[in-house]
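**Q** I'd like to go over a predicted model; first the sequence, then the structure.
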Amino acid sequence: MQIKPIALYNTLTRQKAPFAPIDPHHVRMYVCGPTVYDLAHIGNARPVIVFDVLFRLLRLVYGETHVTYARNITDVDDKINARAAERFKDLAPTAAIAKLTQETTAQFHADIAALGVLSPTVEPRATGHIAEMVVLCDALIAKGHAYVAEDHVLFDTTSMADYGKLANRSLDEMEAGARVDVAPYKKGAMDFVLWKPSTAEQPGWPSPAGIKKHGRPGWHIECSAMAEKHLGQVFDIHGGGVDLVFPHHENEIAQSRCAHGTPTMANVWMHNGFLQVEGEKMSKSLGNFYAINDLLTTDVFGQQAWHGRVLRFAMLSTHYRQPIDWTVDRLTQAKHTLQEFAELVHGVAGGGAPNPDVIGALSDDLNTPSAISILHGLAKSAKRGDGAKASELRTTLEFIGLYGGETAAELSLQQHANVDAVKVRALIADRLEARRAKDFKASDRIRDELAAMGVVLKDAKSPTTGEIVTTWEYKR
RNA sequence: GGCCACGUGGCGGAGUGGUGACGUAGCGGACUGCAAAUCCGCGUACCCCGGUUCAAUUCCGGGCGUGGCCUCCA
């Protein structure tokens, strides 16, 4: 379809610019995925949701089969090793690690599926790309960008003229500000590990550069290897959280560019803003650390469980580059709005194209708040009985992943165990009878009784017969 | 200490060098036996101080505040 070009903000240039894929028939995007050592938290959900929206937009504009979206799984990492040893004491290290990464990956998939996230085109695993990482290490050594020291392979940051360009800082500045003790075998303070030796208990593979000991990759090299394998040496978009700008993405760029001799790794670098919880940094010590799964299935946040679509809506109610404060108020408001939308589109047939203004808003560097405001406009028309707008609203909501056929009641996960629908209908009939008899005391008593059960009544006049028709719903 | 973001009405949140997006809360009205729901209407907001400009919330400089990175945390 022909619509206005997509504009994206690029961290490399600190500017928003029209997006033009290298190959107009094949858009390639890489986003850093989770390290599977523990449940994904709500901060992890942000890039997953944000780049899912971008993926959907790119598919719409360039065609579903013309977009490759790679989101990796990091399944080799020292945090994984530590956690596996702690949780599965009876198992051999390899078996324990396999069990942990397998379980955590499955849970991650389940959690983000609830958020309405599409599967990426490819989901490479680090352990499936060790050979490619070894090749990269050897290439970097051969080209004088890396060196071997005490069975480690290290990247020589001084060998790259514009190291620090993405983070916009020079080596001098970084060294001046560094608070880390520099390992004695490093030539330069900012040099980073590409490969390190493993003990017998740690996962290990044959090492590059003729190193005798088995070893394992550093974090950054994983993404360089997986991106190259699935997207090529230079591709279109690379995404992740702002906290990855340095050192992770800076180092990916250094590795890939130096190994391939390319002027760039990806044309556009996109970073989502940080998430806070109720105005504070999310951390286990503050007791405000929430896994996606906690929000979906327990009442630890705001005394209720939240539907995945509500979490998604709340996440998209702020522009992706802004910091977002994750609060109960925000989720409550998101739930109300989504329930209203659901009421308008439930039972309405979708089809057709998503609203062009919404696509326009998304094309403007993923302006989701603006898109939502346009959705409100559609909802207003739908509420006035415009069936075409109701249908368009549904199609557009489905396109963004904000609707999947749920009813308003299903979007509220509060417990209503003791509400018996048959009894509710009987009480409503009694109340209508009392009202007809002008026994308002009795009718109000029934209304109060229902309210105590969490049931709210709505009286409406039937447009055809003029009769009072009472419907009910759970208190929101 | 170095580097980088952000600061809009009660709250959430776009956007813009000059006519106050949008949502939500609140207020008023219609409707209702009274409510709820619905509908209609109502808000002279852009952290502070300078500068540029005919004009700044929007550009520039400084300050204050909050947050991020500099420790394989999205």
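**A** Alright, I've got the coordinates.
**Q** interface residues of the stretch 301-450 of chain A facing RNA strand B?
**A** Residues of the stretch 301-450 of chain A lying near RNA strand B by C-beta under 7 Å from any atom of the strand: A:317-319, A:321-325, A:327, A:329-330, A:333, A:336-337, A:340, A:364-365, A:367, A:369-370, A:372-373, A:376-377, A:380, A:383-384, A:435, A:440, A:443-444, A:447. Yep, even glycine has a C-beta here, placed from its N, CA and C like the rest.
**Q** partners of the residue nearest to A:A266 when sequence neighbours are not counted in the sheet?
**A** In this structure, A:A266 finds its nearest non-sequential neighbour in A:H238, 3.8 Å apart by C-beta to C-beta, 6 or more residues apart in numbering. Here A:H238 sits in beta bridges with A:Y30, A:W269, going by DSSP bridges.
**Q** need the contact list for A:H238.
**A** Neighbouring residues of A:H238 by C-beta atoms under 8 Å, 6 or more residues apart in numbering: A:M29, A:Y30, A:V31, A:A227, A:H249, A:E252, A:M265, A:A266, A:V268, A:W269, A:M270.
**Q** from A:F301, how far out is the last one?
**A** In other words, A:M270. Distance from A:M270 to A:F301, counting by C-beta to C-beta, to the nearest Å: 28 Å.
**Q** go on, the first one?
**A** Applying C-beta to C-beta, the value for A:M29 to A:F301 is 31 Å.
**Q** do the same with the fourth one
**A** Separation of A:A227 from A:F301 (C-beta to C-beta): 35 Å.
**Q** more crowded one of the two?
**A** The residue with more neighbours, out of A:A227 and A:F301, is A:A227; 27 against 19, by other C-beta atoms under 10 Å.
**Q** quick one, what contacts whatever residue of the stretch 101-250 of chain A ends up closest to RNA strand B?
**A** Closest to RNA strand B within the stretch 101-250 of chain A is A:G241: 1.7 Å, counting by C-beta to the nearest atom of the strand. Counting by C-beta under 8 Å, 6+ apart, A:G241 touches A:C32, A:G43, A:R46, A:P47, A:H271, A:N272, A:F274.
**Q** for RNA strand B, state which of those residues is nearest.
**A** Closest to RNA strand B, out of all of the contacts of A:G241 and judged by C-beta to the nearest atom of the strand, is A:G43, at 2.6 Å.
**Q** give the residue farthest from the middle of chain A.
**A** Centroid-distance maximum for chain A: A:A437 at 56.2 Å, with C-alpha atoms, centre = their mean.
**Q** how many neighbours does the closest residue to A:T368 other than its chain neighbours have?
**A** Nearest non-adjacent residue to A:T368, counting by C-beta to C-beta, 6+ apart: A:L316, 4.1 Å away. Neighbour count for A:L316, taken as other C-beta under 10 Å: 25.
**Q** which helix or which strand is home to A:E449?
**A** Using DSSP states H and E, the secondary-structure element containing A:E449 is helix A:440-452.
**Q** what mean pLDDT does that helix have?
**A** Summarised as a single mean, pLDDT over helix A:440-452 is 89.
**Q** and that helix, what other elements does it pack with?
**A** Here helix A:440-452 touches helix A:421-436, strand A:455-461, going by 3 or more C-beta pairs under 8 Å, 6 or more residues apart in numbering; DSSP states H and E.
**Q** for stretch A:117-127, buried residues please.
**A** Residues of stretch A:117-127 classed as buried: A:V117, A:P120, A:T121, A:E123, A:P124, A:R125, A:A126, A:T127 (neighbour count, 16 or more other C-beta atoms under 10 Å).
**Q** let's have those residues in CSV, adding pLDDT, secondary structure and distance to A:P21.
**A** Below are those laid out as CSV (pLDDT from 0 to 100; DSSP: H, G, I helix; E, B strand; the rest coil; distance: C-beta to C-beta, whole Å):
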residue, pLDDT, secondary structure, distance to A:P21
A:V117, 97, coil, 22
A:P120, 97, coil, 17
A:T121, 97, coil, 15
A:E123, 97, coil, 21
A:P124, 96, coil, 21
A:R125, 95, strand, 26
A:A126, 95, helix, 27
A:T127, 94, helix, 30
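**Q** what's the closest of these to A:P93?
**A** The shortest approach to A:P93 among the buried residues of stretch A:117-127 belongs to A:T127, at 13.9 Å (C-beta to C-beta).
**Q** thought A:D75 was touching that closest one, still the case?
**A** Yes. A:T127 lies in contact with A:D75 (C-beta atoms under 8 Å); the separation is 5.2 Å.
**Q** by mean pLDDT, point me to the weakest helix or strand of chain A.
**A** Across the helices and strands of chain A, mean pLDDT, DSSP states H and E gives its lowest value to helix A:171-177, namely a mean of 70.
**Q** what's it in contact with?
**A** Taking C-beta under 8 Å, 6+ apart as the rule, helix A:171-177 contacts A:T157, A:T158, A:Y163, A:G164, A:G188, A:A189, A:M190.
**Q** now do 6 Å
**A** Helix A:171-177 is contacted from outside by A:A189, A:M190, using C-beta atoms under 6 Å, 6 or more residues apart in numbering.
**Q** which SSE is immediately downstream of it?
**A** Using DSSP H and E, the helix or strand that follows helix A:171-177 in sequence is strand A:192-197.
**Q** how about the helix or strand just after that next one and RNA strand B, touching?
**A** Remark: after strand A:192-197, the chain's next helix or strand is strand A:215-217, criterion DSSP H and E. No. Figure legend: strand A:215-217 not in contact with RNA strand B (C-beta under 7 Å from any atom of the strand); closest approach 8.4 Å.
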